[in-house]
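Enquirer: Build me a model:
(chains A, B, C and D)
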There are 2 protein chains.
Amino acid sequence: MPTIKDVSRKAGVSRSTVSRLIAGTGYVSDAARVAVEQAIEELGYRPNTLARGLRSNRSNMIGAVVVDVASPFYAQMVGGMQKGARAGGRSVLVSSGYADRDEEAHAVIELLDRACDGLILYLENPMRDDVVRLIDKSKTPIVTIGGDESPVATAKIRIDNYGGARAAMRLLLERGHRRIAYLSGGLKYRDTHERLRGIAAALSEAGLGLDDITVVHGDFAESFGYQATVSLLGGHKTYTAIMAGDDDIAAGALAALKAAGKRVPDDLSLVGFDDNFHARHLTPALTTVRQPVDDVGYAAAALLNDILAGRDPGQREIMTDTELIVRDSVGRPARTGSREEAGEVVP
Amino acid sequence: MPTIKDVSRKAGVSRSTVSRLIAGTGYVSDAARVAVEQAIEELGYRPNTLARGLRSNRSNMIGAVVVDVASPFYAQMVGGMQKGARAGGRSVLVSSGYADRDEEAHAVIELLDRACDGLILYLENPMRDDVVRLIDKSKTPIVTIGGDESPVATAKIRIDNYGGARAAMRLLLERGHRRIAYLSGGLKYRDTHERLRGIAAALSEAGLGLDDITVVHGDFAESFGYQATVSLLGGHKTYTAIMAGDDDIAAGALAALKAAGKRVPDDLSLVGFDDNFHARHLTPALTTVRQPVDDVGYAAAALLNDILAGRDPGQREIMTDTELIVRDSVGRPARTGSREEAGEVVP
DNA sequence: GTGAAAGCGCTAACAT
DNA sequence: ATGTTAGCGCTTTCAC
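Expert: Next up, the predicted model:
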């Protein structure tokens, strides 16, 4: 591989001149420019990124930690980051934290070691102290997505889980549902809490509270949705609507509902969260809350580009909106929903 | 950030000793070891990857080009690569080629520039000549997934598209289907051709040929599946089974079938390909061919680890098997399928 | 406008 | 077993 030295020799100039031309910094005469460009062309010269990085202490890479790249949700987010990073001439190095504190620490350290210019962090756990210190010491700018618990964040992108959950619950309420079960994801995930707050807000607008619905805590998994729904159906209470903590849970709930001979939305309504890939493939197509994952990834990378370029990004905290995607899984409560309890009658 | 120099000073030894200890190469006395380890600990020293890479011309990164990280299929593959790479102490730098020749070239060049130790390539287009030359010049080992058209491959991982398609078609044939339509993906994708060969093989076993079924070429997209199925249904021929080039096409076909009031599998059977995330969420759950995407990613990274370590990987070409996942979308042909044409009667 | 020179942090002969 | 030295390829004062 030819080096800058080869180019300079061939062009009959000094290495500095070549360097200046490439970097576009400083003046270069036209004669020199032509000679150097030709030499580069003929030699097939490519600057050595490692050397450049060592010298300038910049790798032109953005590091990203997500829960798991293999999951469609995060994959989309990473896709957005790549596009955003590319706009600033950077690449994205991704690592998975698998929602485990030590794995997350490991991932961050890996990226820091590789001298990433900045980090985008989607973490599920509070950051380990040693990692916090490492970040501080390296002065690497950090953009966090979602959580706000990280003390090291230079800027934050937040997803409006609160508003999304509120919109979903509002829809249920507006359609007249009162006997509602919420199949929540695990309490260890931070999104869970925000969504719960949103639900409470919607309920409160209708003069209700969380106590007026049934909340079951589990995990963001299809199996939880299935089992919880089976339990719900077997219990003494009756329901006209189920809200799921995410679309996986919703898929499980739907399967259980079908297995029990319940029609959706005629007998029961169902709402999800995320607008995952499979949401619109369910039958009926799932009404759910879309998170703008790719936009979020893009915005995070763009923000980092700004920060790294010394540009003021304007805002240090960006809230991205969710969107209620109305499909076919929500209807009005069945009048005959609960003959045995002549409870609330909805118009 | 402390450097090796700081460590050596603090430990009262030379930089070489520190370097040797870290690299685990050469002898280090116990006294020195203790002193150095303590200094590293106290200083919070982390070796500078860039400097190390510049010196040794190794980045400890594996570069990967896939069609699009944001798509669940490739995301899973990348997930596998990460696990495989980590086993060898390497990270994965991913770039998307978007099935475009120049984008793919751009992606490969980016990875090469970053001094990746080896590359995993899932390309949809023949590699541009200048890129081929670049790879040759850099002597970077290459593992290709799927395609075999790349002249630069050090090793290859292949997915048995041929066997998978054959198995799917065999299933249809065994169940008695003869009026079959195949909604193929675009001819520009190489998988398309292999699958077509597999289908031809299965047909030939039954004494038939490709001419005995209807093949429609389109794109690997839901919209194509939908439109093609609408056309099929509106034509003068009748069908008892549809085989789709992938699960997206199958999803579109299913939607069109439902819209036309056809029941699956009672009126028509449907098979997909890929076992995408949504396959089992369709109603009925889709019978399809699973590609072991994550295994493939893992294997590719493991292969590269072997090659880079100078170990003989045993095989330079690994064929990974596909698996027929039988769910609920395939049945026997409806007896009354085509009253108007008293064609073949199947048992 | 251009070149000389120093040095980023590390590794690997080579010498001791 | 350890230190000395040179240099990987590049950027960046500084001097002219």
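
Enquirer: what residues does the stretch 101-250 of chain A put near chain B?
Expert: Within the stretch 101-250 of chain A, the residues that sit near chain B (CB under 8 Å from any CB of the partner chain) are A:109, A:110, A:112, A:113, A:114, A:115, A:133, A:134, A:137, A:138. The way it works is simple: take the backbone N, C-alpha and C, and place the C-beta from them, glycine included.

Enquirer: residue ranges with poor pLDDT in the stretch 101-250 of chain A?
Expert: Applying pLDDT under 70 to the stretch 101-250 of chain A flags residues A:148-149.

Enquirer: any chance you could map the helices in it?
Expert: A:101-113, A:129-138, A:161-174, A:190-205, A:222-234, A:247-259 (DSSP state H, counting those that start in this stretch).

Enquirer: JSON lines for those, including mean neighbour count and distance to residue A:181?
Expert: JSON lines is the format used below for those (neighbours: other CB atoms under 10 Å in any protein chain shown; distance: least, CB to CB, whole Å):
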{"stretch": "helix A:101-113", "mean neighbour count": "20", "distance to residue A:181": "31"}
{"stretch": "helix A:129-138", "mean neighbour count": "15", "distance to residue A:181": "39"}
{"stretch": "helix A:161-174", "mean neighbour count": "22", "distance to residue A:181": "11"}
{"stretch": "helix A:190-205", "mean neighbour count": "19", "distance to residue A:181": "11"}
{"stretch": "helix A:222-234", "mean neighbour count": "20", "distance to residue A:181": "5"}
{"stretch": "helix A:247-259", "mean neighbour count": "24", "distance to residue A:181": "9"}
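
Enquirer: can you tell which of these is closest to residue A:67?
Expert: Across those, residue A:67 has its closest neighbour in helix A:101-113 (8.9 Å, CB to CB).

Enquirer: and stretch A:43-59, is it in reach of DNA strand C?
Expert: Yes. Using CB under 7 Å from any atom of the strand, stretch A:43-59 reaches DNA strand C at A:51, A:54, A:55, A:57.

Enquirer: List of residues touching stretch A:179-189?
Expert: Stretch A:179-189 is touched from outside by A:99, A:124, A:169, A:172, A:191-193, A:195-196, A:199, A:213-220, A:224-225, A:228-229, A:232, A:237-246, A:249, A:253, A:333, A:337-338, A:343-344, with contacts defined as CB atoms under 8 Å, 6 or more residues apart in numbering or on different chains.

Enquirer: Ok, stretch A:77-87 next?
Expert: Contacts of stretch A:77-87 (CB under 8 Å, 6+ apart): A:62, A:64, A:66, A:69, A:91-92, A:94, A:120, A:122, A:145, A:293-302, A:304-305, B:68-70, B:75, B:94-96.

Enquirer: and it, which residues are buried?
Expert: If you call a residue buried by 16 or more other CB atoms under 10 Å in any protein chain shown, then stretch A:77-87 has these buried ones: A:77, A:78, A:79, A:80, A:81, A:82, A:83, A:84, A:85, A:86.

Enquirer: now do stretch A:119-131
Expert: Neighbour counts over stretch A:119-131 (16+ other CB under 10 Å) mark A:119, A:120, A:121, A:122, A:123, A:124, A:125, A:127, A:128, A:131 as buried.

Enquirer: Straight-line length of that stretch, end to end?
Expert: One end of stretch A:119-131 to the other measures 13 Å (CA to CA, to the nearest Å).

Enquirer: same thing with stretch A:313-328?
Expert: Terminal residues of stretch A:313-328 lie 40 Å apart, using CA to CA.

Enquirer: what does that stretch contact?
Expert: Stretch A:313-328 is contacted from outside by A:154-161, A:163-164, A:167-168, A:171, A:265, A:275, A:279-280, A:284-292, A:295-296, A:299, A:303, A:306-307, using CB under 8 Å, 6+ apart.

Enquirer: Run through the residues of the stretch 1-150 of chain A sitting next to DNA strand C.
Expert: Of all the residues in the stretch 1-150 of chain A, those lying near DNA strand C are A:12-17, A:20, A:26-29, A:31-32, A:51, A:54-55, A:57, going by CB under 7 Å from any atom of the strand.

Enquirer: how does it look with 10 Å?
Expert: Taking CB under 10 Å from any atom of the strand as the contact definition, the stretch 1-150 of chain A meets DNA strand C at A:4, A:8, A:11-21, A:25-33, A:35-36, A:50-57, A:113, A:115.

Enquirer: residues near whichever residue of the stretch 201-347 of chain A sits closest to DNA strand C, how many?
Expert: Distances between the stretch 201-347 of chain A and DNA strand C by CB to the nearest atom of the strand are smallest at residue A:308, namely 18.8 Å. As a burial measure, residue A:308 scores 16 neighbours (other CB atoms under 10 Å in any protein chain shown).

Enquirer: Reformat the buried residues of stretch A:77-87 as CSV; add secondary structure and pLDDT.
Expert: Output for these, formatted as CSV (DSSP: H, G, I helix; E, B strand; the rest coil; pLDDT from 0 to 100):
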residue, secondary structure, pLDDT
A:77, helix, 97
A:78, helix, 97
A:79, helix, 97
A:80, helix, 97
A:81, helix, 97
A:82, helix, 96
A:83, helix, 96
A:84, helix, 96
A:85, helix, 95
A:86, helix, 93
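
Enquirer: now, among those, which is nearest to chain B?
Expert: The shortest gap between chain B and any of these belongs to residue A:79, at 2.7 Å (CB to the nearest CB).

Enquirer: Can you tell me how far that closest one is from residue B:1?
Expert: To residue B:1, residue A:79 is 32 Å away according to CB to CB, to the nearest Å.

Enquirer: farthest pair in the residues of the stretch 101-250 of chain A next to chain B?
Expert: Farthest apart among these by CB to CB are A:114 and A:133. That separation is 18.3 Å.

Enquirer: residues contacting the closest residue to residue A:202 other than its chain neighbours?
Expert: Spatial nearest neighbour of residue A:202, chain neighbours left out: residue A:169 (3.6 Å); criterion: CB to CB, 6 or more residues apart in numbering or on different chains. Each residue near residue A:169 by CB under 8 Å, 6+ apart is listed here: A:180, A:198, A:199, A:202, A:203, A:243.

Enquirer: With residue A:104 instead?
Expert: A:65, A:97, A:98, A:123, A:124, A:125, A:127, A:128.

Enquirer: Dump those residues to JSON lines, plus distance to residue B:46.
Expert: Formatted as JSON lines, the contacts of residue A:104 follow (distance: CB to CB, whole Å):
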{"residue": "A:65", "distance to residue B:46": "17"}
{"residue": "A:97", "distance to residue B:46": "19"}
{"residue": "A:98", "distance to residue B:46": "22"}
{"residue": "A:123", "distance to residue B:46": "20"}
{"residue": "A:124", "distance to residue B:46": "24"}
{"residue": "A:125", "distance to residue B:46": "22"}
{"residue": "A:127", "distance to residue B:46": "17"}
{"residue": "A:128", "distance to residue B:46": "15"}
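
Enquirer: with those residues in mind, which one is nearest to DNA strand D?
Expert: residue A:65 (28.2 Å).
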